[in-house]
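1. below are the sequence and a predicted model; questions follow.
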Amino acid sequence: MLRARPLGEADRIIRLFTSERGKLDAVAKGVRRAKSHFAGRLEFGNEVELQMHHGRSLDVIVAADILRAPWERLVEPERFITAQLVAELIDAFCEPDLAVPEVYALLCGMLGAIAATEEPRALVPRFSLRLLHALGIEPPLDLCIRCGRDLVESRAWVDPQAGGFACARCRENWRDLVELDAEDLHNLQALGAPRGAVGAVLRARPRVASAIEEIVTHHLGRKPKAAS
Ligand SMILES: [Zn+2]
């Protein structure tokens, strides 16, 4: 469950990200009452198996069984803000009623990893790249976003306006771009590698982390709220 908003006296509209239908809104009736049978189940970050029936406008959640409940560990502030950021990005980037199994797997993996780490924010750059990849909007990490040439000089410039990385020739026209050196570029490419791939890394160098943040902002059209 990604987020919720109140509906009437005792109900909530829950925004879910599901394996079968992607992002969708559903009504949980009576969920705000003290004795609700949904108590502790439809909480932020929980993975639940749902039974629903079609309502007039929105589907209605009839039953919810917990599969995984990282909630207790996610309430720690750093973890919570990171999990909120993850939920916000998935909510913003994904279309309603469109299954994206790769994003579902990424979300579950990320929430589990956030719950288990002391440095949750360090997981965000790689998550962001994998999310853009799953959605088919990841910029090439070894080619110039402007001219398509290989980034051969082992250097690249962060080009937020184009949403990617520019080569030495193209950056001539855009003087204020931030430079990534050979180690940064290597780190960026390793961060973008699929899970379990040889040379894949989890941790971003500082310049790389802010470069990825800028690319996400480019696609989102604004800074994520949970990031500020
Ligand atoms: Zn170029």
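-> Looks like it came in fine.

2. middle-most residue in this structure, spatially?
-> With distances taken as C-alpha atoms, centre = their mean, residue 86 lies nearest the centre of the chain, 3.9 Å away.

3. quick check: phi and psi on it?
-> Backbone geometry at residue 86, expressed as degrees, to the nearest 10, gives phi -60, psi -50.

4. what's the distance between it and the ion?
-> Plainly put, residue 86 is 32 Å away from the ion if you go by C-beta to the ion, to the nearest Å. Every residue, glycine included, has its C-beta placed from N, CA and C.

5. element containing the closest residue to that residue other than its chain neighbours?
-> The spatially closest residue to residue 86, leaving aside those adjacent along the chain, is residue 110, at 5.4 Å (C-beta to C-beta, 6 or more residues apart in numbering). Secondary structure assignment for residue 110, by DSSP states H and E: helix 101-116.

6. in that helix, which residues are buried?
-> Neighbour-count burial for helix 101-116, counted by 16 or more other C-beta atoms under 10 Å, picks out 103-104, 106-108, 110-111, 113-115.

7. next: stretch 207-226.
-> 207-209, 211-213, 215-216, 218-219, 224.

8. quick one: contacts for the closest residue in space to residue 73 that isn't next to it in sequence?
-> Sequence neighbours aside, residue 115 is the residue nearest to residue 73 in space, at 4.0 Å (criterion: C-beta to C-beta, 6+ apart). Residue 115 makes contacts with 45, 70, 73-74, 79, as judged by C-beta atoms under 8 Å, 6 or more residues apart in numbering.

9. from those, which land in helices?
-> 73-74, 79 (DSSP state H).

10. what residues does the protein have near the ion?
-> 144, 146-147, 167, 170 (C-beta under 5 Å from the ion).

11. could I get the contacts of residue 115 as TSV with pLDDT, neighbour count and distance to residue 8?
-> Output for the contacts of residue 115, formatted as TSV (pLDDT from 0 to 100; neighbours: other C-beta atoms under 10 Å; distance: C-beta to C-beta, whole Å):
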residue	pLDDT	neighbour count	distance to residue 8
45	91	25	25
70	85	21	29
73	88	17	32
74	89	21	27
79	96	22	32
